[in-house]
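Asker: Build me a structure from this.
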Amino acid sequence: MDKVINGKNISVTEEGFMTDFSQWDKAIGDAIAAENNITLTPRHWEVLDYIQTEYKNEVPLSIRKIGKSGVVDIKEFYALFPVAPLKTATKIAGIPKPVSCI
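Answerer: Presented below is the predicted three-dimensional model:
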């Protein structure tokens with residue numbers, strides 16, 4: 001299904017996760033963050049860059065893995081993305097919902 005995000009037609013799942021990462025850009029990330037009541041800071045972008053790199057390297061993501069990444073600890077991850085942190089962060093990063101998310 002398609003959803004208009006930042007003036008572009010973006011392919012998303014029923015839950016709003018992008019299905020084509022090549023459609024993602026930082027403006028799309030900002031727009032998705034705003035939908036989730038998050039204003040992205042440089043710290044958010046560091047975490048999102050890490051998540052995207054892991055996705056591109058086909059590394060499965062989990063909150064525990066992110067907490068051990070050295071990029072962000074679990075407490076800060078929850079502070080940056082207060083509601084459903086992994087789900088919200090991956091949605092903003094433009095990648096599919098991680099298998100570890102229900």
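Asker: quick one, phi/psi of the closest residue to M18 other than its chain neighbours?
Answerer: Spatial nearest neighbour of M18, excluding adjacent residues (Cβ to Cβ, 6 or more residues apart in numbering): G94 at 4.6 Å. C-beta: built from backbone N, CA, C; applies to glycine. When read as degrees, to the nearest 10, the backbone of G94 gives phi 80, psi 20.
Asker: roughly how far is the longest helix seen in the chain from the heart of the chain?
Answerer: The longest helix of the chain (DSSP state H) is helix 42-56. Helix 42-56 has its average C-alpha position 8 Å from the chain's average C-alpha position, going by Cα atoms, centre = their mean, to the nearest Å.
Asker: And for the residue nearest to M18, the neighbour number?
Answerer: Using other Cβ atoms under 10 Å, G94 has 26 other residues around it.
Asker: State the distance from it to D73.
Answerer: Taking Cβ to Cβ, to the nearest Å as the measure, G94 falls 24 Å from D73.
Asker: contacting residues around L48?
Answerer: G29, L40, A89, I92, A93 (Cβ atoms under 8 Å, 6 or more residues apart in numbering).
Asker: let's go with 10 Å and repeat that
Answerer: Contact analysis of L48 by Cβ atoms under 10 Å, 6 or more residues apart in numbering lists K26, G29, A33, L40, L80, F81, A89, T90, I92, A93, G94, I95.
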